[in-house]
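J.: My questions concern the predicted model and sequence given below.
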Amino acid sequence: MEGFQWNRPVSLVLYVVFFFLSSAAVSKANIAEYDEHWEQRRMQARAAAETTYHPDPVEVTNSFNRAVHRAMKEESSARRQMLGKHHRFGGPCMATNPIDRCWRCRKDWATDRMRLAQCAQGFGRNTTGGLGGKIYIVTDGSDDDVLEPRPGTLRWGVIQNEPLWIIFARSMMIELKEELLVGSDKTIDGRGAQVRIADGCQVTVQYAHNVIIHNIHVNDLIVGKGGRIRDSPQHAGFRTQSDGDGVSVFGSTKVWLDHLSLANCQDGLVDVIAESTGVTISNCHLTNHNDVMLFGSSDSNPKDEIMQITVAFNHFGRGLVQRMPRCRWGFFHVVNNDYTHWLMYAIGGSKNPTIISHGNRYIAPPNLAAKQITKQLGASEAEWRNWVWHSQEDLLMNGAVFTDTGGANQRKFDQKDLIKPKAGSYVTRLTRFAGSMPCRPGKPC
């Protein structure tokens, strides 16, 4: 057990009890044995979560909605110039939502990459990633050694202690041998190359803070075998099997996932669990998967009430089945997304989560038994009728049904501050560029 030392004599019985409890605490964190390094990171992450938690989440949703309105006003004149242009990336720059408008129309994005750190919205709006750090260039797409990764690889960059803005020298496919453990104050920026993390293990953000993952393809990831994996220059620990997610956010704060194309992973495409908070998932394109997004992994962990997550401007596309997302305990703002496909349901939850659905487009499948957008799990109707699941300005198509629940939001706010988002009829414009984009230096993206 690397890093674990006795400071004073204790009885064997006390040691056994301590080891058992510690093992139980970390067993669901893919940590194979008690590890003082990971325990310290866990405590630091919990303190960061309490600091990141916003006592008035309604103010955050209002701020987000105001930004959408400003962006749509600015976009209207540019849209008129685009008439007659049918290619998705053709014609003048067409940044259609406030996140993209912050950076995409600038020709100098490749020489001013860190401007992206100013652009997050929603609960993850304070995420700056590797801002202020050095630029680290991935030149080697291999992942042969998870214990002693080589400089030039993605794995070497994400485990460094200092802030780094990670970019790629060329297009590459990276097959992760085991889960990639992303440390704090990192940006993984795939702009300017076609970067695909595929056919290997998952990306994990665990007990970390301030992480941006941007403009990457993530697909066909599988369960990792586990073993000894390095997570910092000073530490390597034993890990159990990873889950086979696309991106797993575990006990982390200030995380922003933007412009990802995700598909066909063994478990979930995006899991945000274990008291993670201050998270925004935006501009992603998700396809060909069953359990799409999981927010909160346990009905027996009320500490997940601290979770606050924004899901915005994403396209939930072909081949999706359910969990877009599936929520527990926390506060979730689902705003201006395009739900064009599901087979069972779109949004589900248990343990009284607050779900605010603002200005989404829901197109129900032909199956008459699957018209319901929402699914309340693990509770009687008498119980879930008092939950806070509200739909505002959503566009319901092909018989889609959103079941509003009658609970009142107990948080105090001024009703005049509830700025409405853009209506669901605008969603095709707001999500037009969802997923990874082919950005070229010297031109707007």
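T.: Right, received. Where do you want to start?
J.: for the stretch 251-400 of the chain, what spans make up the helices?
T.: Chain-ordered helices for the stretch 251-400 of the chain, with DSSP state H, counting those that start in this stretch as the definition, fall at 381-384.
J.: Output the below-cut-off pLDDT ranges for the stretch 301-445 of the chain.
T.: Judged against pLDDT under 70, the low-scoring parts of the stretch 301-445 of the chain cover residues 407-420.
J.: would you list every one of the strands in it?
T.: 308-312, 315-316, 320-322, 326-328, 331-335, 338-339, 347-350, 354-358, 361-363, 374-376, 389-392, 395-397 (DSSP state E, counting those that start in this stretch).
J.: Quick one, which of these gets closest to residue 292.
T.: Taking C-beta to C-beta, strand 320-322 is the member of the strands of the stretch 301-445 of the chain nearest to residue 292, at 5.6 Å. In this view, the C-beta of every residue, glycine as well, is placed from N, C-alpha and C.
J.: List the contacts of residue 295.
T.: Taking C-beta atoms under 8 Å, 6 or more residues apart in numbering as the definition of contact, the neighbours of residue 295 are 272-273, 307, 309, 325-328, 330, 332, 353.
J.: Among the residues you listed, which one has the most neighbours?
T.: Tallying neighbours with other C-beta atoms under 10 Å puts residue 272 at the head of the contacts of residue 295, with 31 neighbours.
J.: Give me the nearest residue to that residue, chain neighbours excluded.
T.: Across the structure, with C-beta to C-beta, 6 or more residues apart in numbering as the measure, the residue nearest residue 272 apart from its sequence neighbours is residue 249 (4.4 Å).
J.: ditto for residue 177
T.: Take residue 177 and drop its neighbours on the chain: the residue closest to it by C-beta to C-beta, 6+ apart is residue 143, 4.8 Å away.
J.: hang on, isn't the one you found packed against residue 156?
T.: No. Using C-beta atoms under 8 Å, residue 143 and residue 156 do not qualify as a contacting pair, with a distance of 9.9 Å.
J.: between these two, what contacts are shared?
T.: By C-beta under 8 Å, 6+ apart, residue 143 and residue 156 have these common neighbours: residue 149.
J.: most neighbours per residue, which of the strands of the stretch 301-445 of the chain?
T.: strand 308-312 (a mean of 28; mean count of other C-beta atoms under 10 Å).
J.: helices and strands around that strand, which ones?
T.: In terms of contacts (3 or more C-beta pairs under 8 Å, 6 or more residues apart in numbering; DSSP states H and E), strand 308-312 is packed against helix 57-81, strand 277-282, strand 331-335.
J.: let's see 7 Å
T.: The helices and strands touching strand 308-312, judged by 3 or more C-beta pairs under 7 Å, 6 or more residues apart in numbering; DSSP states H and E, are strand 277-282, strand 331-335.
J.: With distance to residue 45 added, can I get these in CSV?
T.: Below are the helices and strands packed on strand 308-312 laid out as CSV (distance: least, C-beta to C-beta, whole Å):
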stretch, distance to residue 45
strand 277-282, 10
strand 331-335, 19
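J.: Let me know which of these is the nearest to residue 137.
T.: Going by C-beta to C-beta, the one of these nearest residue 137 is strand 277-282, 25.4 Å.
J.: And the average pLDDT for the closest one is what?
T.: Taken as a whole, strand 277-282 carries a mean pLDDT of 96.
J.: coming back round to it: how many residues are close by the residue nearest to residue 177?
T.: When neighbours are defined as other C-beta under 10 Å, residue 143 has 21 of them.
J.: Need the nearest residue in space to residue 374, chain neighbours excluded.
T.: For residue 374, ignoring the flanking residues on the chain, the nearest one in space by C-beta to C-beta, 6+ apart is residue 403 at 4.9 Å.
J.: I meant residue 125, not that one.
T.: Residue nearest to residue 125 in three dimensions, not counting chain neighbours: residue 280, with 6.9 Å by C-beta to C-beta, 6+ apart.
J.: got the contact list for the one you found?
T.: Residue 280 is in contact with 120-125, 256, 310, 312, counting by C-beta atoms under 7 Å, 6 or more residues apart in numbering.
J.: Kindly recompute the last result at 8 Å.
T.: Contacts of residue 280 were listed using C-beta under 8 Å, 6+ apart, and they are 120-125, 127, 255-258, 309-310, 312.
J.: Am I right that residue 367 is in contact with residue 343?
T.: Yes. The pair residue 367 / residue 343 is scored as a contact, 7.4 Å apart, by C-beta under 8 Å.
J.: still on that earlier bit, of the contacts of residue 280, just say which sits nearest to residue 435.
T.: Lowest distance from residue 435 to the contacts of residue 280 (C-beta to C-beta) belongs to residue 258, with 10.4 Å.
J.: Was I right to think that closest one contacts residue 211?
T.: No. Counting by C-beta under 8 Å, residue 258 does not reach residue 211; the two are 11.4 Å apart.
J.: ok, those two, which is more surrounded?
T.: When neighbours are counted by other C-beta under 10 Å, residue 258 and residue 211 differ, and residue 211 comes out ahead with 29 against 26.
J.: State the distance from residue 267 to residue 44.
T.: Here the criterion is C-beta to C-beta, to the nearest Å. By it, residue 267 lies 26 Å from residue 44.
J.: and the spatially closest residue to residue 179 that is not a sequence neighbour, how far is that from residue 227?
T.: With sequence-adjacent residues excluded and distances taken as C-beta to C-beta, 6+ apart, residue 179 is closest to residue 242, at 4.0 Å. Using C-beta to C-beta, one gets 11 Å for the distance from residue 242 to residue 227.
J.: so what sits against both of the two?
T.: The contact lists of residue 242 and residue 227 share residue 178, where a contact means C-beta under 8 Å, 6+ apart.
J.: who's more crowded, the two?
T.: Between residue 242 and residue 227, counted using other C-beta under 10 Å, the more crowded position is residue 242 (26 against 16).
J.: Show me the strands in the stretch 1-150 of the chain, by range?
T.: Going by DSSP E, counting those that start in this stretch, the stretch 1-150 of the chain shows strands at 134-138.
J.: Show me where it has its helices.
T.: Counting by DSSP H, counting those that start in this stretch, the stretch 1-150 of the chain has these helices, from start to end: 12-26, 36-52, 57-81, 98-101.
J.: least reliable of these going by mean pLDDT?
T.: Of all the helices of the stretch 1-150 of the chain, helix 12-26 carries the lowest average pLDDT, namely a mean of 39.
J.: For the closest residue to residue 436 other than its chain neighbours, which residues are in contact?
T.: For residue 436, the nearest residue in space outside its immediate sequence neighbours is residue 261; the separation is 4.4 Å by C-beta to C-beta, 6+ apart. With contacts taken as C-beta under 8 Å, 6+ apart, residue 261 has the following neighbours: 216-219, 284-285, 287, 435-436.
J.: now those as a markdown table including neighbour count and distance to residue 362?
T.: Shown next, in a markdown table, are the contacts of residue 261 (neighbours: other C-beta atoms under 10 Å; distance: C-beta to C-beta, whole Å):
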| residue | neighbour count | distance to residue 362 |
| --- | --- | --- |
| 216 | 26 | 27 |
| 217 | 20 | 26 |
| 218 | 27 | 25 |
| 219 | 18 | 25 |
| 284 | 28 | 17 |
| 285 | 20 | 17 |
| 287 | 19 | 17 |
| 435 | 20 | 20 |
| 436 | 23 | 24 |
